[in-house]
Every structure is written in structure tokens, then in C-alpha cells.
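Enquirer: test case, fold it:
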Amino acid sequence: MASGAFNLFEAARALEAAGVERAQAEAIAGAIHQGQYHDQAIKEDLFGLGSQMRSGIAEFRAEKRVASGALHSFNSQFRADLASFEKRMTIRLYLVGAGLAAWFIAFELFT
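Expert: Now for the predicted structure:
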């Protein structure tokens with residue numbers, strides 16, 4: 001803070017030395033000083049937004065891990081169900097094929 005005031009004083013004196021009126025020099029130096037406070041407020045806001053963004057990303061990653069685990073569980077169950085369904089359909093196709101073959105043989109034998 002002391003260095004900020006010192007810079008403000010030096011800026012006003014440098015402007016006076018350059019031929020700017022004292023009131024204008026103090027106004028310009030004051031505006032520069034105010035701009036420094038404004039810049040600090042912007043930095044603090046950006047830091048706060050950065051913190052919020054980091055916590056949001058961490059929360060998203062945690063939710064993603066939970067969803068990934070649930071998806072993996074669903075995928076495993078789906079594969080097991082699909083394998084069971086495929087086995088049942090294969091057995092049914094063999095039974096239908098055997099039944100058609102039996103009808104064809106019976107038709108050939110009795111006609």
C-alpha cells in the first residue's frame with residue numbers, strides 16, 4: 001500500500017514536471033491509482049471464478065466416476081443378458097430346424 005501511494009505521488013510530480021497543471025496531474029495520478037484498485041478487484045474476481053471453476057470440474061469428475069461405474073455395471077449385465085438370449089435363440093433355432101427336418105422326413109416317407 002505504501003509503495004502504491006509512493007507511486008501515486010511520483011506520478012503526480014512527474015506529470016507536473018512535464019508541464020501538466022497540478023490539479024490535472026493529481027486527477028490523472030488519482031485515476032491511475034483508482035485503476036490499480038480496479039485491476040486488483042478484477043484479479044480477485046478472476047481468482048474467485050477460477051476457484052469456482054476448479055471445484056466445479058472436481059465435482060464433474062466425481063460424478064463422471066460414479067456414472068462410469070454405473071455404466072460399467074450396466075454394460076456387464078447387458079452382455080450377460082445378451083449372451084443368455086443368444087444361447088436361448090440358438091437352442092430354439094436348432095429345435096425349429098429339427099422339427100422342420102422331422103416334418104420333411106415324415107412327408108417324404110408317407111407320400
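Enquirer: which SSE is immediately downstream of the helix or strand of the chain with the lowest mean pLDDT?
Expert: When each helix and strand of the chain is scored by mean pLDDT, DSSP states H and E, helix 2-17 comes last, with a mean of 65. Counting by DSSP states H and E, the next helix or strand C-terminal to helix 2-17 is helix 22-110.
Enquirer: how close does the most centrally placed residue in the chain sit to Gly69?
Expert: The residue lying closest to the centre of the chain (CA atoms, centre = their mean) is Ile57, at 5.7 Å. In this view, Ile57 and Gly69 are 19 Å apart by CB to CB, to the nearest Å. (Glycine included, C-beta is placed from N, CA and C.)
Enquirer: check Ile42 too.
Expert: 41 Å.
Enquirer: pLDDT score for the residue nearest to the centre of the chain?
Expert: We have a pLDDT of 88 for Ile57.
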